[in-house]
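**Student:** Please work out how this folds:
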Amino acid sequence: MPDDSARQAAQALEAGFLAEMLKNTGLGDAAAGRDGGIGAEQFASFQRQALAEAMVRSGGIGLAETVYDAIVERADAT
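**Tutor:** Predicted coordinates for the structure are as follows:
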């Protein structure tokens, strides 16, 4: 697996994790509650995902680097 692919996979995993954590904080619940429509809920999920991706680009919480290191280590072992 090329390094770029491994790094992108690790960053995508961290962004997904962060988006889920942001969801559990209630981020976007107020937007969804304004009109109660499914569109507002969908917008809130896009907002959480974009925020999570920005967090990863800014260094994140270190999960992507740990996952990347594990991917490379496993690839080197085979």
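
**Student:** Following element in sequence after the helix or strand of the chain with the lowest mean pLDDT, please.
**Tutor:** Across the helices and strands of the chain, mean confidence by mean pLDDT, DSSP states H and E is lowest for helix 29-35: a mean of 61. Using DSSP states H and E, the helix or strand that follows helix 29-35 in sequence is helix 38-57.

**Student:** Report the contact partners of the residue nearest in space to the middle of the chain.
**Tutor:** Centrality entry for the chain: nearest residue to the mean C-alpha point is residue 15, 1.2 Å, by CA atoms, centre = their mean. By CB atoms under 8 Å, 6 or more residues apart in numbering, residue 15 lies in contact with 49, 52, 53, 55, 56. Where you see a C-beta, it was placed from the backbone N, CA and C, and this is true even at glycine.

**Student:** Pull out the buried residues from these.
**Tutor:** With neighbours counted by 16 or more other CB atoms under 10 Å, the contacts of residue 15 contain buried members at 49, 52, 53, 55, 56.

**Student:** Can you give me every residue that contacts the spatially most distant residue from the centre of the chain?
**Tutor:** Here the centre of the chain is the reference, and by CA atoms, centre = their mean the most remote residue is residue 78, at 28.3 Å. Listed by CB under 8 Å, 6+ apart, the contact set of residue 78 is empty.
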